[in-house]
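In: predicted model, plus sequence, below.
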Amino acid sequence: GAVVSQHPSWVICKSGTSVKIECRSLDFQATTMFWYRQFPKQSLMLMATSNEGSKATYEQGVEKDKFLINHASLTLSTLTVTSAHPEDSSFYICSARDVKGPYNSPLHFGNGTRLTVT
Amino acid sequence: KQEVTQIPAALSVPEGENLVLNCSFTDSAIYNLQWFRQDPGKGLTSLLLIQSSQREQTSGRLNASLDKSSGRSTLYIAASQPGDSATYLCAVGETSGSRLTFGEGTQLTVNP
């Protein structure tokens, strides 16, 4: 089945530093990937839509200069949390759909990255 | 703005019991609806996907129904097992179905 791999699975960083999270589609290509954030005891909230070869589309309230998204290839999207602060501590999950699959096929999710900013 | 609500927030049942999880959404103009399972600290596993034109989908012991006009979906789990313990998330897909709006989930515990 289609697999989406996220790396790292967890990361601890100091306040003010930047952290990069990778999302890879291992056995399919994805022109579009999605980044979600999940705070404890809350559901997933869409942060941005990553588009291969073009700029990402950010949801209202998400700072594009703080959450940098790069989708340089059909199998890789990265999310960089710049100048991280403790309030950025969260669970970040990416998802993708096979570009060659049916238009209405389900999205595949990565296993998420737990970010803790101290 | 679409809002998705899941009831109950938590559910604890003995092994073998049949159970129903509920999901409601405010805007009936949806593309599809998807049920996911999330284990603690893990990502999401897709369980069932129902297109807006469909009324139900089945996979093994799971059955999901969709009543778009009333803005409701249910996930039925038959003969529950301890391994079913997880958080179950309902997500509504809009436009092309790629952008999902999630409910807050139902945390299920199946006791041996």
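Out: On my side now, so go ahead.
In: and the residue nearest to A:L76 when sequence neighbours are not counted, what's its pLDDT?
Out: In space, and not counting its chain neighbours, A:L76 is closest to A:R24: 5.3 Å by Cβ to Cβ, 6 or more residues apart in numbering or on different chains. Bear in mind the C-beta positions are built from the backbone N, C-alpha and C, glycine included. As predicted, A:R24 sits at a pLDDT of 95.
In: also A:Q42?
Out: 84.
In: please apply the same query to A:W10.
Out: In this model, A:W10 carries a pLDDT of 95.
In: what about it, neighbour count?
Out: Neighbourhood size, A:W10 [other Cβ atoms under 10 Å in any protein chain shown]: 11.
In: that one against A:R114, yeah?
Out: Yes - if you go by Cβ atoms under 8 Å, A:W10 and A:R114 touch, sitting 4.2 Å apart.
In: the residue nearest to A:L76 - that's part of a strand, no?
Out: Yes - counting by DSSP: H, G, I helix; E, B strand; the rest coil, A:R24 falls inside a strand.
In: for stretch B:89-101, the averaged confidence score.
Out: In this model, stretch B:89-101 carries a mean pLDDT of 83.
In: mind listing what's buried in it?
Out: For stretch B:89-101, burial by neighbour count (16 or more other Cβ atoms under 10 Å in any protein chain shown) applies to B:L89, B:C90, B:A91, B:V92, B:G93, B:E94, B:G97, B:S98, B:R99, B:L100, B:T101.
In: kindly report the residues of chain B close to chain A.
Out: Residues of chain B lying close to chain A (Cβ under 8 Å from any Cβ of the partner chain) are B:4, B:31-32, B:34, B:36, B:41-46, B:49, B:51, B:89, B:91, B:96-105.
In: please, which helix or strand holds B:K1?
Out: Under DSSP states H and E, no helix or strand contains B:K1.
In: now for it: which residues touch it?
Out: Under the criterion of Cβ atoms under 8 Å, 6 or more residues apart in numbering or on different chains, the contact list for B:K1 reads B:D27.
In: would you mind pulling up the elements that the lowest-mean-pLDDT helix or strand in chain A packs against?
Out: Sorting the helices and strands of chain A by mean pLDDT, DSSP states H and E puts strand A:108-109 at the bottom, at a mean of 88. Under the contact criterion of 3 or more Cβ pairs under 8 Å, 6 or more residues apart in numbering or on different chains; DSSP states H and E, strand A:108-109 touches strand A:90-96, strand B:44-51.
In: residues in contact with A:N111?
Out: A:S5, A:Q6, A:S9, A:I93, B:K42, B:G43.
In: partners of the second one in the sheet?
Out: In other words, A:Q6. Assessed by DSSP bridges, A:Q6 has beta-bridge partners A:C23.
In: that older thread, farthest pair in the contacts of A:N111?
Out: Across the contacts of A:N111, the longest distance by Cβ to Cβ is 13.4 Å; it joins A:S5 and B:K42.
In: A:Y36 touches A:M45, doesn't it?
Out: Yes - between A:Y36 and A:M45 a contact is recorded at 6.3 Å, counting by Cβ under 8 Å.
In: what do the two both touch?
Out: In contact with both A:Y36 and A:M45: no residue, using Cβ under 8 Å, 6+ apart.
In: looking at the two, which one has more neighbours?
Out: Neighbour totals were compared for A:Y36 and A:M45, and A:Y36 leads with 24 against 15 (other Cβ under 10 Å).
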